[in-house]
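Undergrad: Sequence plus predicted model, see below.
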Amino acid sequence: MVIHALAPSLTLHVLRFTTTRQSEEDEMPRVWKFGSDVDTDQIVPGRYAPYMTSEAELGKYPFIEARPEFAATVRPGDLIVAGRNFGCGSSREYAPKALQVVGVGAIIAQSFARIFFRNALNLGIPLFEADWTDEIVDGEEVTLDAEEGRLTTAHGVYALKPLPEFVRQIRREGSIVAYYRKYGRFPGEGEA
Amino acid sequence: MTQRQTLAECILSHAAGRAVSPGDLVVVPVDMAMAVDSIAPSVIAVLRGELGAHVREPRRAAIFIDHVAPAANVATADAQVGIRRFAAEEGIGQLFDVGRGVCHQVMIEEGLVRPGQIVLGSDSHSTSYGAIGAFGTGMGASDIALAWASGRTWLRVPETIRVRARGRFGPGVGAKDLALHVARTLGADGARYAAVEYLGLDDLPLADRQTLACMATELGAKVGLIPPTGRVATLFPPPAWLTVDADAPCARELEVDLASLPPLVAVPPAVDTVVEAGSLGDVRVNQVFLGTCTNGRLEDLQAAARLLRGRRVARGVRMIVVPASSRVLEAAVADGTLAALLEAGATIGTPGCGPCIGRHLGVLGAGEVCLSTGNRNFRGRMGSPEARIYLASPEVAAATAVAGRIVDPREMMSET
């Protein structure tokens, strides 16, 4: 889902005219801010490995012990903003998958642990590395334009590095598995 | 190739069929891809459900029932039934069932990994295969399923961080202490995406190399490579094209004087907050766990037994020993190591991951403290989020079990 960036005041102005019972708060993605070294045991503890559970079940577990209100109140489109080394620890794909299932729109972190980054990339989750994450506040409302690489907040507009072509190709099909299923090869494979 | 290359660059260049540099994105053939019991159901779901594919080359696949072995409840038992059925349907002969042991240990025992190969595992400690100079790395279910279906994977060529070791370990100090020292020096993300290359360890035995390579993932590394030399090169002859250029350009270099290292301990909840074992004062423990892919080998059990002979595990301490494989267990039975551990008051679990991931065989309750020879001590790792896990060597583990608190094993060694 691409959320086109609008200047904050214009966004609020438009929303007042278009929303009825819902307040504008329900329209804008909120930020869930985390610190550094958020490990996969926090994101989804090992005892919730999806043996025979459905994807919907998986949506109950992100941060179930570390931050219980997350799974209960996260809305599709919300963003995770974090410090260094986000997703460190295990190679479990169900950690980023759980975040995808609850609709996390993107993850912006100072840095990512490699396996988590790779798994989330394969799943088509937009990931951005940025050094200004400290300036983003937990709970604040923002809009993200993943294609243009722009995060708009009430206190400024932040630039994001554009997603590489390899990642765009994956996202166009949804996931690397969907890409491979369609083309019988990996993105960029077989090209000169 | 005229450009100077690190070991990782050498391996990936060979796999890609052209000279590659850090940052390059390559698609390479995968020599072996393995899945463990806790992740295999997800891999199967992707392979069958999303790709509609089968395992292209069953001899390049392996499956291990090790993370929850034996099954701890009906859900895991049912999952394992499904895994066995899948292996039979796909013709995967390399299915290692309950009791054979931890994937990373068995892969090397069974010769399923060779120097210079690209080996993927559905477990982050797949860096362990770097112990014999294989490009071993952990990946998620989608990547493993794609490797099984296609025989290939995509990789970004990593930068290399070189660790140059000098000298020899002092008494009571070993590979785990070196690993913890590197962790505190680089930090838990200090080798993020990188290949860590260890030089100066030509005489280091295989078991110690496995400890070191296993821990590379805790630095954020993609691989942890040790060039095959000495006895390891005899057991696992490297191909002629696999060359080590000790002075090839790399991102960072670290020097370590092995003789200067003391026994170290990682303080929870991180692997890089490391202090000297003797400096912790009065940290009482409830459980000591000796095992895992990191330190569950015969040499580790023997090191612990040497300290435990003639001594007893302290009252109120549970010492749980889980050999990394059935071969380790059999050897420990044969040479008296197991008897020594049992006589001191330790108990034994089925070879496998044991309580390392908090599923069974030694889960921790609120407020408990465990000294583990494993590789990870995140909050909640072994059970209750209110438990605390300290990581250390088998020597520290044994001494701690006797003292009932975390101690420097050298105090006990001088009494022998």
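TA: Sure thing, it's come through. Owing to the predicted nature of the structure, the values given are computational and were not obtained by experimental measurement. Numbers count the residues shown, from 1 in each chain, chains lettered A, B, ... in the order given.

Undergrad: so the nearest residue to B:Glu255 once chain neighbours are set aside, which of the three states?
TA: The shortest distance from B:Glu255 to any non-neighbouring residue, by CB to CB, 6 or more residues apart in numbering or on different chains, is to B:Arg164 (5.0 Å). Using the backbone N, CA and C atoms, a C-beta is placed for each residue, glycine as well. Look at B:Arg164: counting by DSSP: H, G, I helix; E, B strand; the rest coil, its state is strand.

Undergrad: number of nearby residues for B:Arg164?
TA: Other residues near B:Arg164 come to 15 when the count uses other CB atoms under 10 Å in any protein chain shown.

Undergrad: and it, what does it touch?
TA: B:Leu199, B:Gly200, B:Glu253, B:Leu254, B:Glu255, B:Val256 (CB atoms under 8 Å, 6 or more residues apart in numbering or on different chains).

Undergrad: Export those as JSON lines, with columns for pLDDT.
TA: Shown next, in JSON lines, are those (pLDDT from 0 to 100):
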{"residue": "B:Leu199", "pLDDT": "98"}
{"residue": "B:Gly200", "pLDDT": "97"}
{"residue": "B:Glu253", "pLDDT": "97"}
{"residue": "B:Leu254", "pLDDT": "97"}
{"residue": "B:Glu255", "pLDDT": "98"}
{"residue": "B:Val256", "pLDDT": "98"}
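
Undergrad: are any of the residues you listed buried, and which?
TA: B:Leu199, B:Gly200, B:Leu254, B:Val256 (16 or more other CB atoms under 10 Å in any protein chain shown).

Undergrad: any idea which helix or strand carries residue 177?
TA: No chain specified, so I'll use chain A. Applying DSSP states H and E as the criterion places A:Val177 in helix A:176-183.

Undergrad: that's the wrong chain, I meant chain B
TA: Using DSSP H and E, B:Asp177 falls in helix B:175-186.

Undergrad: Next, find the distance separating the closest residue to A:Pro29 other than its chain neighbours from A:Pro162.
TA: Of all residues not flanking A:Pro29 in the chain, A:Gly77 sits nearest, at 4.3 Å (CB to CB, 6+ apart). A:Gly77 sits 20 Å away from A:Pro162, going by CB to CB, to the nearest Å.

Undergrad: Would you map the strands across chain A?
TA: Using DSSP state E, the strands of chain A run over A:31-33, A:79-82, A:106-109, A:127-129, A:143-145, A:150-153, A:156-159.

Undergrad: Of all those, which one comes closest to B:Gly91?
TA: Between B:Gly91 and the strands of chain A, the tightest spacing by CB to CB is seen for strand A:127-129, at 37.1 Å.

Undergrad: one step back: which of the buried ones among the contacts of B:Arg164 are close to chain A?
TA: Among the buried ones among the contacts of B:Arg164, no residue sits close to chain A (CB under 8 Å from any CB of the partner chain).

Undergrad: Just put those residues in TSV and tack on secondary structure.
TA: Output for these, formatted as TSV (three-state DSSP):
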residue	secondary structure
B:Leu199	strand
B:Gly200	coil
B:Leu254	strand
B:Val256	strand
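
Undergrad: Export those to JSON lines and append columns for distance to B:Arg18.
TA: Listed next are those as JSON lines, based on distance: CB to CB, whole Å:
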{"residue": "B:Leu199", "distance to B:Arg18": "26"}
{"residue": "B:Gly200", "distance to B:Arg18": "30"}
{"residue": "B:Leu254", "distance to B:Arg18": "30"}
{"residue": "B:Val256", "distance to B:Arg18": "34"}
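
Undergrad: With respect to chain A, which of those is nearest?
TA: When the buried ones among the contacts of B:Arg164 are ranked by distance to chain A (CB to the nearest CB), B:Leu254 comes first, at 19.0 Å.

Undergrad: Any idea how far stretch B:361-371 is from the middle of the chain?
TA: Mean-position distance between stretch B:361-371 and its chain equals 21 Å (CA atoms, centre = their mean, to the nearest Å).

Undergrad: Can you list the residue ranges for helices in the stretch 201-350 of chain B?
TA: Counting by DSSP state H, counting those that start in this stretch, the segments of the stretch 201-350 of chain B that form helices are B:206-215, B:230-235, B:292-295, B:298-308, B:326-334, B:337-344.

Undergrad: Can you say which of the ones you listed is packed in most?
TA: helix B:292-295 (a mean of 31; mean count of other CB atoms under 10 Å in any protein chain shown).

Undergrad: contact partners of that one?
TA: B:102-105, B:125, B:128, B:176, B:210-211, B:214-215, B:322, B:324, B:353-354, B:356, B:372-375, B:393-394, B:397.

Undergrad: Taking the centroid of chain B, which residue is nearest it?
TA: B:Cys214 (3.2 Å; CA atoms, centre = their mean).

Undergrad: Regarding the closest residue to it other than its chain neighbours, what is its secondary structure?
TA: Distances taken as CB to CB, 6+ apart put B:Ser128 closest to B:Cys214, at 4.4 Å, once the chain neighbours are dropped. Three-state call for B:Ser128 (three-state DSSP): helix.

Undergrad: If you tally nearby residues, what's the number for A:Val101?
TA: Neighbour tally, A:Val101, other CB under 10 Å: 18.

Undergrad: quick one: pLDDT of it?
TA: If you check A:Val101, the pLDDT there is 92.
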